[in-house]
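Participant: What shape does this take:
(chains A, B and C, ligands or ions: 2)
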Amino acid sequence: GDASAERTLRMTVQVGANHPVGANTHYFAEQLNEISGGEMTVRVFDSASLFKGQEVPQAISSGAIDMGIVLADEYAGSVPAAGIFSVAFMFPDYQILARAADRKGAFRTTFDNLLLEAGSKVLWWQDYGPVQMLSKGAPVVSPEDMRGKMVRATGKPTGDLIEAVGGSAVVVGGAEQFVAYQRGLVDIGMSGTTAVKSRALYEVMDHVTMTSHGLAEFIAVINPALWDSMSEQEQAWMTEAAIRAEEKMRAETEAENVEAAQWLAENGHATVTELTPEQIAVWQEATRPAVEQFRQEAGEAGDQLLTALDALR
Amino acid sequence: MTPFLIFGALLALLMTGIPVAFTLGILGAGLLAIDGLPLSMVASTLFGGINDFVLLAIPLFLLMSNLLLRGGIGRDLFVAMQSWVGHWPGGLGIAALLSCGVFSAISGSSITTAATVGTVAIPEMVKRGYSRSLTLGLMAAGGTLGIIIPPSVPLIIYGAITEQSIGQLFLAGVGPGILLIVLFGVYVVIASAIQGTHQAMPRATWPERLAATRRALPTLLLAGTILGGIYGGIFTPTEASGIGASVALLILAAGGRLSRAVFLGAVRDTVKTTTVIFLIVIGAKIFGQAITLYQLPAQLAWLFEDYFNTATLALLLIAVMLIFIGFFLESMSMLLIMVPVLMPTVIALGIDPIWFGIFFVLLIEVALITPPVGLNLFVIQSLDRAPLSVVAKGALPFVAIMLGSVFLIALFPQIVLAIPGL
Amino acid sequence: MTASRGALRLADGLSLIAARLSEVGIVAMTMLLTYEVVARYVFRAPTHWTSDVATTVMIWLTFLAMGYCLRDGHMIRITAVIGQLPPAGRKAAEALSLVAILGFSIFVLWVATGSMLDSIAFGRRQPSMLRMPTWIAELPIILGFAILALQALADLIRLPGRPAPDFASSAEQELSHNAPGEAGR
Ligand code: NA
Ligand code: NA
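Facilitator: Ligands and ions are numbered 1, 2, ... in the order given. Below you'll find the predicted structure:
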């Protein structure tokens, strides 16, 4: 029958094969090829050679490309609720994320359905880890430390966070990040723990405050029409490989983030400041307006996600 | 076999005179169709190809230099430089070179630089007995400084397609730009002394120097503001372009040079140049996606992995390839087609992408002054109505000097990387 | 006869009007970016919208000015070979270029319209602070290529009745069009 026809899928990835997110897609490709006994092959086009991250949602939904990796925030324009991972202090630890990622849970099903409505069928989540604050001279311990400062924003939710505590949000792209810190275009930065190490941001920002105020969550997606055209057997193979890739990434990301923070502190590259639960609570209280802003813009779907998340705490 | 077929078809189509942007777009879409790939990719790219904030710097830097150009800045600069160094041996050549250097700091394109300074400098130099070939070669080569000294349109595009910092790229171009000015200057002094045909200028008096410098001062200050603002973290390169255009307007208005004709002319030129450049950006992206899906860059990377697996060998081969391609391909297309193809190899070999951007732009500069297709040669030729062969012959020693500078930055990467690292 | 002449004039007129809009766009972009820097340093209140709006203006102006660039002979092309041809050959080369542009424009009109309708159906928006609907930046593609197609068609119709194009000099003029005193064509 249909299932015996070999199938090759094309996948766009905006990072290189040596980046953890990129490496994970190659792992998925290997697993799928193995599980399907060579029936299914994924050809990965990495380093944004086909599409930049921001172009992926449209490329997937139009069928210009079969599969892709995209930061959840890229959907937040069309579907504001998809910005949940960047909403202030929603995922304070790895356990809550792991629970939220439960494929049968309310949070996961609601989130994956949102993306489906935007034209992308979710295959698996790629955790890239929590986002921290970077600064020069002194850590960003309390919301007061951000008042009146120029702060790097990455999108709407982080912009709301910054403004809730009286900072000025300046949108700085990933590529200009290093220079923006080096030359003092912004006072406070935001970046994933591992990126502080891999992008050498510690050379220009000597303080890392472990706020974990947001998550860099990448999502592996496929064109929905293509998915529907697959046999049940093919879908099962894909799902199996997707689960393996997701679990591997989740385990490795936690280890790598912990290791990166240790490396930064132990080798004297940066002063790493951990926050106490009380200090985090102060931040959560101060950034509540940003959460309310999200609730307003994200509508019913946003409410569902927030409620589902509350139930996991 | 496929790679040769595709590049052969590209070259053949380009020679039929179909505009470069459409050649690339049609060939790209055709390749997608032949392999049964979704054509909706073209629609995404038409929009996505230029939906990038950093590209805004291109039209606005163009506007800034077009305004100053129409406001007569070329002559002011040349007269000021001449008043200081004109009496030196080879002094007019040095003045022309320094004018190119300063104009490069407000212009992002090499043809604008060549045209602006060439218009005033060529007649003066020829009148004073400099050989036509040396004069035209110097202006063709001096114009290429426009894309290595920041701001630079090719560096903005390189940054946009490789996701590298344009601020870093700009700062990285300063060292090699100064190196080229020094090397070109030394050559002009020696060559004009050997030819011995030029008459020295009378030394300008101090009041003359001060008056001439005062006229050129606003331009010098603007150049300083752009680079200083980026270096000092006052604004991003994109914002610098907006500020630059506004300040250029103010300078012209304050000097009583902002006529309706100057303003509209500058705006009109900017729109035309922006459109043709961005169309090539889009066309090249469509073509680039098609050849990526045909796995051409991957095949090239394997070739490098198997036979040219050290950075030195790879760079040597890349340089030879780019010199060859540069004979025939227009510089913008060379950048847009070749950078995505080469990038996987460059990253795999651990070559610094900022350094590679400068390396690439130096080789584009070579392409701009090598026949048969060399835009700067055409510009200078049209200014002087000289045969192309005379301009090309005069440019040849400068090609050698540029290749020498490529070798120097490979040997001493600090020439490129010291300033951005400070 | 007059009807066809009217149609040709319509194509030229549309190209010109679109190009004038593009010129306004350039000025608007300059003002937007300058305002952003002033807002940040003088008022310490960076805006959230200038980058989105300015980028959208840039997309509009690029596509709108295409017809005018074609009419005025501004497209970058390699004329080293076709410039050497006899008059009949140069006319044929020009016809080939115009047919290629016309064909590609019609193809783009087809795919870009589909894409824009898709964006409207999905309610796609940019993932930035302003969340601008995507179709706003896709519309100029359709308008621009429609104008370009008309202009290419008009130039094609006029081609037989005109002297053969002189590529060598037009290439030089194109490249040096920025030079003062050299702009006269
Ligand atoms: Na420049
Ligand atoms: Na050349």
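
Participant: For residue 168, grab the count of nearby residues.
Facilitator: I went with chain A, as the question did not name one. For residue A:168, the count of nearby residues is 23 (other Cβ atoms under 10 Å in any protein chain shown). (C-beta placed from N, C-alpha, C; glycine too.)

Participant: nope, chain B
Facilitator: Neighbour count of residue B:168, defined by other Cβ under 10 Å: 25.

Participant: Helices of chain C, start to end?
Facilitator: In chain C, the segments counted as helices under DSSP state H are C:2-41, C:50-64, C:66-71, C:87-122, C:135-158, C:167-175.

Participant: closest to chain A out of these?
Facilitator: helix C:87-122 (5.3 Å; Cβ to the nearest Cβ).

Participant: Indicate whether the closest one makes contact with chain A.
Facilitator: Yes. Helix C:87-122 reaches chain A (Cβ under 8 Å from any Cβ of the partner chain) through C:115, C:118, C:119, C:122.

Participant: okay, which residue is most central for the chain?
Facilitator: I'll assume chain A. residue A:217 (1.8 Å; Cα atoms, centre = their mean).

Participant: Correction: the question concerned chain B.
Facilitator: The centroid of chain B falls nearest to residue B:147 when counting by Cα atoms, centre = their mean (2.7 Å).

Participant: quick one: strands adjacent to the helix or strand residue A:122 falls within?
Facilitator: Following DSSP states H and E, one finds residue A:122 within strand A:121-135. Applying DSSP bridges to the sheet, strand A:121-135 is found paired with strand A:188-192 (antiparallel), strand A:207-222 (antiparallel).

Participant: pLDDT (mean, whole number) over the longest one?
Facilitator: I take that to be strand A:207-222. Averaged across strand A:207-222, pLDDT comes to 96.

Participant: Please apply the same query to the first one.
Facilitator: In this model, strand A:188-192 has an average pLDDT of 95.

Participant: now stretch C:35-45
Facilitator: 86.

Participant: cool, stretch B:323-332 as well?
Facilitator: 86.

Participant: picking up where we left off before, most tightly packed of the helices of chain C?
Facilitator: Comparing the helices of chain C by mean neighbour count (mean count of other Cβ atoms under 10 Å in any protein chain shown), helix C:66-71 ranks first with a mean of 27.

Participant: For that one, C-alpha coordinates in CSV please.
Facilitator: What follows is the C-alpha trace of helix C:66-71 in CSV, where atoms were taken according to Å, rounded to 0.1, in the frame of the first residue of the first chain:
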residue,chain,number,x,y,z
MET,C,66,10.1,48.9,-10.3
GLY,C,67,8.0,50.1,-13.2
TYR,C,68,9.8,53.4,-13.3
CYS,C,69,13.2,51.8,-13.0
LEU,C,70,12.4,49.7,-16.1
ARG,C,71,11.0,52.6,-18.1
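
Participant: hang on, the earlier thing: how near is the residue nearest to the centre of chain B to chain A?
Facilitator: Using Cβ to the nearest Cβ, to the nearest Å, we find residue B:147 at a distance of 20 Å from chain A.

Participant: so who does that residue touch?
Facilitator: B:104, B:108, B:109, B:110, B:153, B:154, B:155, B:361, B:364, B:365 (Cβ atoms under 8 Å, 6 or more residues apart in numbering or on different chains).

Participant: How confident was the prediction at the residue lying closest to residue B:356 once chain neighbours are set aside?
Facilitator: Leaving out its chain neighbours, the residue that sits closest to residue B:356 by Cβ to Cβ, 6 or more residues apart in numbering or on different chains is residue B:346, at 5.2 Å. Residue B:346 carries a pLDDT value of 91.

Participant: Residue B:346 touches residue B:353, doesn't it?
Facilitator: Yes. In this structure residue B:346 lies within contact range of residue B:353 using Cβ atoms under 8 Å: 6.7 Å.

Participant: the more surrounded of those two?
Facilitator: residue B:346 (24 against 18).

Participant: does the more buried one sit in a helix or strand, and which one?
Facilitator: Counting by DSSP H and E, the element that carries residue B:346 is helix B:331-348.

Participant: any idea how far the helix or strand that that helix is followed by is from the chain center?
Facilitator: The helix or strand immediately downstream of helix B:331-348 is helix B:353-368, counting by DSSP H and E. Taking Cα atoms, centre = their mean, to the nearest Å, one finds the center of helix B:353-368 at 9 Å from the center of the full chain.

Participant: Stretch A:234-246 too?
Facilitator: 20 Å.

Participant: Just the pLDDT at residue A:109, thanks.
Facilitator: 97.
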